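**Q** here is the input, now give the coordinates:
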Amino acid sequence: MRAPAPLRGRARLATLIRAVVPTLLAALAFTGVATAPATAADGDVTWTVRTAANGYGKDRSSFSHAVNPGGRIEDAMVVANHGKDPLRLTVYAADGYTTGKGQLDLLTEEKRSTGVGAWVRPGKSAVTVAPGRTAEIPFTVTVPRDATPGDHVGGILTSLRQADDTEGIAVDRRLGIRVKLRVSGALRPALAVERPHVDYHGTADPFGQGDATVTYTLHNTGNAMLSGAQQVTLTGPFGTLRTDAGAVAAPPELLPGERWTVTVPVHGVTPALRLTATVTVTPAITDAAGSTTSLPPVEATVTGWAVPWTLVLALLCLAAAATAVFLQRRRGRARRAEREDALVRDAVERALHERERQDVRGS
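**A** Predicted structure coming up:
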């Protein structure tokens with residue numbers, strides 16, 4: 001027997017939510033530091049997480065450690081229950097990655113971690129926190145001896161999974177803190193500008209300026225987290241008619257190996273037939289103390305067409321009109337020449353006929 005339409009629709013909705021909810025909640029989980037409590041769906045469960053005060057400092061925004069290959073670190077996270085009932089949370093670690101919105105996120109529990117998420121071991125896999133109380137969760141970081149030098153990022157998470165029996169939906173609320181490890185060795189920060197492209201968008205005004213769009217990909221080819229200052233300029237032939245894009249937002253800190261696509265609009269571009277777009281990025285690296293250092297800039301150029309089609313069309317119409325006038329005048333001159341030739345021929349023929357008649361009379 002077929003299920004009634006409302007039940008079939010509800011089942012499809014439940015399937016869709018089961019597929020989408022974990023992804024949406026993962027985006028809520030991680031911003032590097034828990035600046036606000038996480039609230040469960042029923043509004044009665046609230047908790048926060050923070051770094052523990054110890055020999056590494058207090059009021060830290062995240063966990064950040066410099067460590068040698070094969071090294072071991074011990075640290076702790078504090079969980080506070082602001083709700084009215086005992087709170088049981090799952091605790092685990094996961095690798096980090098940059099989302100399409102430029103935010104740092106963590107893999108969900110069912111996905112396999114190979115970096116920080118595999119190196120961090122919480123002292124307990126679950127914790128129960130009484131109402132109004134806190135619990136400290138110690139964890140250890142054991143770095144493999146063959147770990148590559150540079151930055152490795154992940155996090156330690158608390159998770160509350162709630163089931164909705166009526167719809168069969170599992171809701172997972174996650175709240176965590178970033179763990180950044182800088183493994184000692186040769187630090188080789190490097191940022192590349194790849195696949196630059198420029199498009200020109202004209203205007204209806206044949207003598208006006210249009211807009212252009214410059215797109216490119218930033219690729220962290222080194223072993224350190226990098227952001228950077230960006231500048232985009234457009235020039236015409238031989239470096240003339242320079243146009244700056246203005247302020248370009250800095251990209252997020254990219255993890256080693258990550259890519260980030262940038263789209264930059266440029267206004268007031270003169271259509272000089274051939275445009276050259278120049279992208280200049282000055283990478284910036286942050287050390288363990290939080291100081292930022294700028295690296296030598298990297299640059300990429302690309303050319304594209306900037307044809308003022310409205311002006312070209314107007315010139316073509318003008319040329320066509322001039323050609324039509326020229327041809328019409330030439331045809332008029334040809335017709336007048338033909339008429340004059342005809343008149344000359346007629347006059348010659350009449351003169352010859354008259355001469356013949358005179359010759360006949362004289363004979």
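**Q** please make it C-alpha for all contacts and neighbour counts, starting now.
**A** OK.
**Q** would you state the strands of the stretch 1-150 of the chain in chain order?
**A** Ranges of strands in the stretch 1-150 of the chain, per DSSP state E, counting those that start in this stretch, are 38-39, 46-51, 63-67, 72-81, 87-98, 104-106, 120-122, 126-129, 134-142, 150-164.
**Q** out of these, which one sits most buried?
**A** strand 104-106 (a mean of 25; mean count of other C-alpha atoms under 10 Å).
**Q** model confidence for residue 187, exactly?
**A** On pLDDT, residue 187 comes in at 95.
**Q** now for it: which residues touch it?
**A** When contacts are counted by C-alpha atoms under 8 Å, 6 or more residues apart in numbering, residue 187 touches 149, 150, 223, 224.
**Q** out of these, grab the one that's most surrounded.
**A** The member of the contacts of residue 187 that has the most neighbours, counting by other C-alpha atoms under 10 Å, is residue 224 with 26 neighbours.
**Q** tell me the phi and psi of that one?
**A** Note on residue 224: its backbone torsions stand at phi -130, psi 150 [degrees, to the nearest 10].
**Q** check contacts around it.
**A** Contacts of residue 224 by C-alpha under 8 Å, 6+ apart are 150, 151, 187, 188, 189, 190, 255, 256, 285.
**Q** could you check the pLDDT of it?
**A** On pLDDT, residue 224 comes in at 97.
**Q** residue 331 now?
**A** Note on residue 331: pLDDT of 86.
**Q** over to it. Which of the three states is it?
**A** Assigned by DSSP: H, G, I helix; E, B strand; the rest coil, the conformation of residue 331 is helix.
**Q** circling back: how about the strands of the stretch 1-150 of the chain, which one is nearest residue 267?
**A** Closest to residue 267 of the strands of the stretch 1-150 of the chain, according to C-alpha to C-alpha: strand 87-98, at 29.8 Å.
**Q** give me the angle between the closest one and strand 150-164.
**A** 140 degrees (axes from the mean of the first three to the mean of the last three C-alpha atoms, to 10 degrees).
**Q** and strand 87-98, which strands flank it?
**A** Using DSSP bridges, the strands paired with strand 87-98 are strand 104-106 (antiparallel), strand 126-129 (antiparallel), strand 150-164 (antiparallel).
**Q** which stretch in those has the least confidence?
**A** strand 150-164 - the lowest mean pLDDT of the strands paired with strand 87-98, at a mean of 91.
**Q** state the distance from residue 225 to residue 237.
**A** For residue 225, the distance to residue 237 equals 37 Å [C-alpha to C-alpha, to the nearest Å].
**Q** which one's more surrounded, the two?
**A** residue 225 (27 against 12).
**Q** who's in contact with the more buried one?
**A** So residue 225 contacts 151, 189, 253, 254, 255, 256, 285, 286 (C-alpha under 8 Å, 6+ apart).
**Q** the fourth one against residue 227, yeah?
**A** Yes - the pair residue 254 and residue 227 passes the contact test of C-alpha atoms under 8 Å, sitting 6.3 Å apart.
**Q** the nearest residue to residue 230 once chain neighbours are set aside bridge partners, please.
**A** Closest residue to residue 230 apart from its sequence neighbours, by C-alpha to C-alpha, 6 or more residues apart in numbering: residue 281 at 4.5 Å. Residue 281 forms beta bridges with residue 230, residue 298, as assigned by DSSP bridges.
**Q** just give me the neighbour total for residue 281.
**A** A total of 22 residues lie near residue 281 under the criterion other C-alpha under 10 Å.
**Q** in contact with it, which residues?
**A** 193, 228, 229, 230, 231, 297, 298, 299.
**Q** kindly report the same for residue 283.
**A** 190, 191, 226, 227, 228, 229, 294, 295, 296, 297, 298.
**Q** how does it look with 10 Å?
**A** 189-192, 220, 225-230, 250, 293-298 (C-alpha atoms under 10 Å, 6 or more residues apart in numbering).
**Q** same thing with residue 72?
**A** By C-alpha under 10 Å, 6+ apart, the residues touching residue 72 are 119, 120, 140, 141, 142, 143, 144.
**Q** and of those, the nearest to residue 74?
**A** Among these, and counting by C-alpha to C-alpha, the member closest to residue 74 is residue 140, at 4.5 Å.
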